[in-house]
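>>> no letters, just coordinates:
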């Protein structure tokens, strides 16, 4: 399972230039023959008539001139500004995949022109074949040792430069144009400080970043086995999911759940994955779906609580927007909706964009009565008990209102998008402007640390149980952040507990290769990046997984953290990791999540991966076999 190995790693002259080399050799032979004829004619001209010799010389000179101009036209790089070779990748990931030369010698330029919103933006043009707006959607990948870059523009292209200096000049120009397109200002040192802040010098100058925290970070236990190499991904179960799957709720105990158009399907947890029990908790018999009126949409968010005996289901109030005015509480054992909760503050109805558990493991607590809520400008904790701490009487309270236990309503536009909690209840929040904020478990009013955005909205966040690592998802890449720092007393802390100062490690980016990004399809946006799931101190997450189109993409966590990893050699800018495994499905994937560490078996480096599509659910094991 996984995509076939593509021939994208190296462009060899033997395979891509073959046809051109043959053509050049033929022209060289013709040139040599003509030159030989010319020389022979000159040596024998004394015995020929004057007029005949001159005519013969004129004909040969004309032939030589024609051939030589044609031959030299392919070698005249000195006459071109920004000369480059342009290649096209054909054959996808099939055995016949290869690079073919598109233009033997051409030139590139960065030009400014009006974009869709009439703003000036930088565009890359290469010869007559490529014209593309400079953006992260190009998925530009650098090969410093080959003086080459690959990128996507309706197809997969590669540029090979004639010198290292020309290669590095292109990369610098590209990064400056990208900065200006993203932030609307020139990529000067002063403007970079405005965007990132002085504390984040490593984010704008990765070459001077302090990588010691990455290097000193706790590695996996010696007995762990990474997914890299030819270790197999094995599909253990695959079964129909009754269609319309909207979300996946994995349990750490007996059961896991899929929410679809019909209701909630129950699955049994095994060491090799999840398997359907044939039980479905139906939505209201009267035809209304969980979430309110018959016209309301299917729940998009499912949250397990109270030792996984209850589930909170939240439906968007308006189609196309995630915000909801309330949620339904389902008793899984009876299959009934226990109550409909409303979100309210100071007597006024409010909405929530997302909900999550107080901590990484609090869904296992049978007495849990609180959970966290997030809206565009709100971060809070909700309590199902009344203000006196007593659980509300569902039967007599009509439509009970959740109690705003603690939180903050921000006056200015924070544009919160997503959030997650650590093992101790600290909170990480991702925003539309790309910022990632860290809040301690004691205060939701002010972030302890706010990481600057890299220009792309954060659509999903996750955090390790110990709070040392944060994973943010954007449309075109994942950003992995180390939250560790050393305080003035020499103690190592995380950014959840204190301000990180000016020695903040630079983040690392997880990306698809241009080829895989192209193969992922038109809707090839990353979503739902997760760490593997542990709920115990001292245990370390082993893998990361994200979904893009029909792909579930798996990275080895230890490999990504390793500063000496081969992916990071010869890179300019933030370090990007391209070493991953892919699970390919025949339809777009709704969600990919690793099961709880409880379900890892001795011959596997990880608990099974569960992959849900609208029509099917699959369980994938990372086989111990090589």
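Yes, it's here. Treat the numbers as computed from the prediction; the structure is a model and nothing was measured.

>>> for residue 88, the count of nearby residues, please.
17 (other Cβ atoms under 10 Å). For the C-beta atoms, the positions are set from N, CA and C on the backbone; glycine is no exception.

>>> brain fart, residue 91
For residue 91, using other Cβ under 10 Å, the count is 13.

>>> excluding its backbone neighbours, what's nearest it?
residue 97 (3.5 Å; Cβ to Cβ, 6 or more residues apart in numbering).

>>> just the pLDDT for the one you found.
Looking at residue 97, its pLDDT reads 93.

>>> I figured it hits residue 89, correct?
Yes. Using Cβ atoms under 8 Å, residue 97 makes contact with residue 89 at a distance of 7.0 Å.

>>> test my guess that residue 527 contacts residue 457.
No. With contact defined as Cβ under 8 Å, residue 527 does not count as touching residue 457 (11.7 Å).

>>> look up how far residue 590 lies from residue 245.
Separation of residue 245 from residue 590 (Cβ to Cβ, to the nearest Å): 5 Å.

>>> for these two, list the residues in contact with both.
612-614 (Cβ atoms under 8 Å, 6 or more residues apart in numbering).

>>> re the thing from before, of residue 97 and residue 89, which one has the most company?
More crowded of residue 97 and residue 89, by other Cβ under 10 Å: residue 89, with 24 against 17.

>>> how is that one assigned, secondary-structure-wise?
For residue 89, the assignment made with DSSP: H, G, I helix; E, B strand; the rest coil gives strand.

>>> now it: closest residue in space, sequence neighbours ignored.
Nearest non-adjacent residue to residue 89 (Cβ to Cβ, 6+ apart): residue 156, at 4.0 Å.

>>> just the strands in the stretch 51-200 of the chain please.
Ranges of strands in the stretch 51-200 of the chain, per DSSP state E, counting those that start in this stretch, are 83-90, 98-114, 120-126, 130-133, 141-143, 148-152, 156-160.

>>> now for the closest residue to residue 441 other than its chain neighbours: which residues touch it?
Nearest residue to residue 441, sequence neighbours excluded (Cβ to Cβ, 6+ apart): residue 425, at 3.8 Å. Contacts for residue 425 (Cβ under 8 Å, 6+ apart) come out as 358-359, 441.

>>> ok, those residues vs residue 193, which is closest?
residue 441 (31.9 Å; Cβ to Cβ).

>>> and the pLDDT for the residue sitting nearest the centre point of the chain?
Central residue of the chain (Cα atoms, centre = their mean): residue 477, 3.0 Å from the mean position. Note for residue 477: predicted pLDDT of 96.

>>> show me this protein divided up by domain.
83-187, 208-222+234-284+295-623 (the TED database).

>>> looking at those, which is buried most?
With neighbours taken as mean count of other Cβ atoms under 10 Å, these reach their highest mean count in domain 208-222+234-284+295-623, at a mean of 19.

>>> helices of the protein, start to end?
For the chain, applying DSSP state H gives helices covering 13-16, 18-44, 50-73, 164-183, 189-196, 201-204, 212-216, 514-519, 557-561.

>>> any regions of the chain where pLDDT drops low?
1-9, 12-78, 115-118, 210, 215-231, 283-297, 386-399, 522, 603, 623-626 (pLDDT under 70).

>>> show me what stretch 518-527 is in contact with.
In contact with stretch 518-527 (Cβ under 8 Å, 6+ apart) are residues 3, 92-93, 152, 155-156, 459-460, 473-478, 512, 517, 546-551, 588.

>>> can you pull the contacts of residue 201?
Here residue 201 is in contact with 208-209, 502 (Cβ under 8 Å, 6+ apart).

>>> next: residue 157.
Residue 157 neighbours (Cβ under 8 Å, 6+ apart): 86-89, 102, 126, 129-130, 150-151, 514.

>>> can you lay out these as TSV showing distance to residue 582?
Below are the contacts of residue 157 laid out as TSV (distance: Cβ to Cβ, whole Å):
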residue	distance to residue 582
86	27
87	23
88	23
89	17
102	27
126	29
129	28
130	26
150	17
151	20
514	14
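
>>> closest to residue 263 among those residues?
For the contacts of residue 157, the nearest to residue 263 is residue 514 (41.3 Å; Cβ to Cβ).

>>> which ones are touching residue 272?
236-237, 601, 608, 619, 621.

>>> residue 566: which of those residues is nearest?
residue 621 (26.5 Å).

>>> check the contact between the closest one and residue 234; I expect there is one.
Yes. Using Cβ under 8 Å, residue 621 makes contact with residue 234 at a distance of 5.1 Å.

>>> rewinding a little: just curious, which of the contacts of residue 425 is nearest to residue 368?
residue 358 (7.4 Å).

>>> give me every residue that touches the closest one.
368, 370-372, 381, 421, 425.

>>> any chance of those residues in TSV, with distance to residue 267 too?
Below are the contacts of residue 358 laid out as TSV (distance: Cβ to Cβ, whole Å):
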residue	distance to residue 267
368	22
370	27
371	23
372	26
381	30
421	24
425	28
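
>>> and which of the residues you listed is nearest residue 111?
residue 421 (46.7 Å).

>>> related to what we said a few turns ago, and residue 264, which of the strands of the stretch 51-200 of the chain is closest to it?
Here strand 148-152 is closest among these (Cβ to Cβ), at 38.8 Å.

>>> which ones are touching residue 370?
By Cβ under 8 Å, 6+ apart, the neighbours of residue 370 are 358, 381-384, 405.

>>> okay, those residues in JSON lines with distance to residue 345 next?
Converted to JSON lines, the contacts of residue 370 look like this (distance: Cβ to Cβ, whole Å):
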{"residue": "358", "distance to residue 345": "19"}
{"residue": "381", "distance to residue 345": "12"}
{"residue": "382", "distance to residue 345": "10"}
{"residue": "383", "distance to residue 345": "13"}
{"residue": "384", "distance to residue 345": "15"}
{"residue": "405", "distance to residue 345": "11"}
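
>>> now for those, which pair is the farthest apart?
358 and 384 (12.2 Å).

>>> give me the nearest residue to residue 137, chain neighbours excluded.
Leaving aside its chain neighbours, residue 137 sits nearest to residue 476 (5.7 Å; criterion: Cβ to Cβ, 6+ apart).

>>> what residues are up against the one you found?
Residue 476 neighbours (Cβ under 8 Å, 6+ apart): 136-137, 139, 456, 511, 517, 525-526.

>>> ok, now with 7 Å
Listed by Cβ atoms under 7 Å, 6 or more residues apart in numbering, the contact partners of residue 476 are 136-137, 139, 456, 526.

>>> and if you look at residue 308?
251, 253, 255, 363.

>>> give me that answer again for 6 Å
Counting by Cβ atoms under 6 Å, 6 or more residues apart in numbering, residue 308 touches 251, 253, 363.

>>> equivalent analysis for residue 375, please.
Here residue 375 is in contact with 351-353 (criterion: Cβ under 6 Å, 6+ apart).

>>> swap in residue 549?
520-521, 523-524, 588.

>>> at 8 Å what do you get?
Residue 549 neighbours (Cβ under 8 Å, 6+ apart): 520-521, 523-525, 588-589.

>>> do residue 491 as well
Residue 491 neighbours (Cβ under 8 Å, 6+ apart): none.

>>> residue 84 is in contact with residue 108, correct?
Yes. Between residue 108 and residue 84 there is a contact under Cβ under 8 Å: 5.4 Å.

>>> so what sits against both of the two?
126, 159, 170.
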